[in-house]
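The sequence isn't on hand, but the structure is:
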């Protein structure tokens, strides 16, 4: 009899553990499903405590040799506006000079996904495909952070090369999820870091710190049409190949 009781006790513990694991996976999936690239924000700042908590959580991501190469510069208040003005001036003055080369080209599925995303955005805003003026105006919204109160500039150590950039990529992804879990919306913006020299001068960032990307964040404007569409993800069979 004692063995039966022990077995039932261990079975209960195992079931409780599995239920807890299933609950955690469900929560994570819901957070990931609800995350999207937000392109319109309310005029409401995120508290310093919440910003620090988001960064602290994102810093738990695994890294090569535990290097943790990222540094995070966050703007708020008048500094966000000052930075936006500097970027708009740079965009009107000349070509981009990113620290990281842009992709050589988009082909196949990558080109299709890129185009569909663009079409969805312009359609949500009622911008015709041949309306170059309105498209250009919308493009400039990138450098105004879509009205968000904050932008985070993520830099990596130059000496760490692609491995540092890879580690920062994990941090960036987890930042957006941690933010979403706290009810904070975000959008990752490579376009902003196209003006790396301007960013470096504006904030006094040393040459050994490569400017990897920007994360614009704040509280979403749920009524804005640009926040009304969602991009699709590739089918699992197009991604995974399980070999046995």
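Alright, I've got the coordinates. These numbers were taken from a predicted model, which means no experiment stands behind them.

Give the bridge partners for the residue most central in space within the chain, please.
Of all residues in the chain, the one closest to the mean position by Cα atoms, centre = their mean is residue 188, 3.7 Å from it. Assessed by DSSP bridges, residue 188 has beta-bridge partners residue 215.

quick one: pLDDT of residue 10?
On pLDDT, residue 10 comes in at 50.

Per-residue pLDDT of the residue nearest to the centre of the chain, please?
98.

Just to check, it is in contact with residue 169?
No: applying Cβ atoms under 8 Å, one finds residue 188 not in contact with residue 169, separated by 9.8 Å. Yep, even glycine has a C-beta here, placed from its N, CA and C like the rest.

and stretch 197-212, which residues are buried?
198-200, 202-203, 205, 209-212 (16 or more other Cβ atoms under 10 Å).

Quick one: classify the closest residue to residue 64 other than its chain neighbours as helix, strand or coil.
Nearest residue to residue 64, sequence neighbours excluded (Cβ to Cβ, 6 or more residues apart in numbering): residue 163, at 4.6 Å. Three-state call for residue 163 (DSSP: H, G, I helix; E, B strand; the rest coil): helix.

Just give the number of residues close to residue 163.
15 (other Cβ atoms under 10 Å).

ok, now residue 149?
Residues lying near residue 149 (other Cβ under 10 Å) number 20.

on that earlier part again, now do the same contact list for the residue nearest to the centre of the chain.
37, 172, 176, 213-215 (Cβ atoms under 8 Å, 6 or more residues apart in numbering).

Over to residue 224?
39-40.

Please enumerate the strands of the chain.
All strands of the chain, identified by DSSP state E, fall at 71-74, 150-157, 185-189, 209-218.

okay if I get those strands as a markdown table plus distance to residue 238?
Below are the strands of the chain laid out as a markdown table (distance: least, Cβ to Cβ, whole Å):
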| stretch | distance to residue 238 |
| --- | --- |
| strand 71-74 | 33 |
| strand 150-157 | 29 |
| strand 185-189 | 23 |
| strand 209-218 | 26 |
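
Could you check those strands and tell me which one is nearest residue 234?
Residue 234 lies closest, by Cβ to Cβ, to one member of the strands of the chain: strand 185-189, at 18.3 Å.

Just want the angle from that closest one to strand 150-157.
With axes from the mean of the first three to the mean of the last three Cα atoms, to 10 degrees as the basis, strand 185-189 and strand 150-157 are set at 40 degrees to each other.

quick one on the thing from earlier: out of the buried residues of stretch 197-212, the closest to residue 110 would be?
Nearest to residue 110 among the buried residues of stretch 197-212, with distances taken as Cβ to Cβ, is residue 212, at 20.1 Å.

Who are the contact partners of that closest one?
Counted by Cβ under 8 Å, 6+ apart, residue 212 has contacts 99-100, 154-156, 165, 168, 172, 193.

Could you identify the most distant pair in the residues you listed?
Distance extremes for these: the farthest pair is 99 and 172 at 14.9 Å, using Cβ to Cβ.

residues touching residue 77, list them.
By Cβ under 8 Å, 6+ apart, residue 77 lies in contact with 45, 149.

The closest residue to residue 62 other than its chain neighbours and residue 46: what is the separation?
Using Cβ to Cβ, 6+ apart and skipping the chain neighbours, the partner closest in space to residue 62 is residue 170 (6.9 Å). Applying Cβ to Cβ, to the nearest Å, the value for residue 170 to residue 46 is 22 Å.

and those two? which has more neighbours close in?
More neighbours surround residue 46 than the other of residue 170 and residue 46, with 21 against 16 (other Cβ under 10 Å).

Do you know the pLDDT at that one?
Confidence score, pLDDT, at residue 46: 98.

ok, now which ones touch it?
Taking Cβ under 8 Å, 6+ apart, we find residue 46 in contact with 149-150, 184, 217-219.

can we see that at 10 Å?
Residue 46 sits next to 53-54, 74, 76, 148-150, 179, 182-184, 217-219 when contact means Cβ atoms under 10 Å, 6 or more residues apart in numbering.
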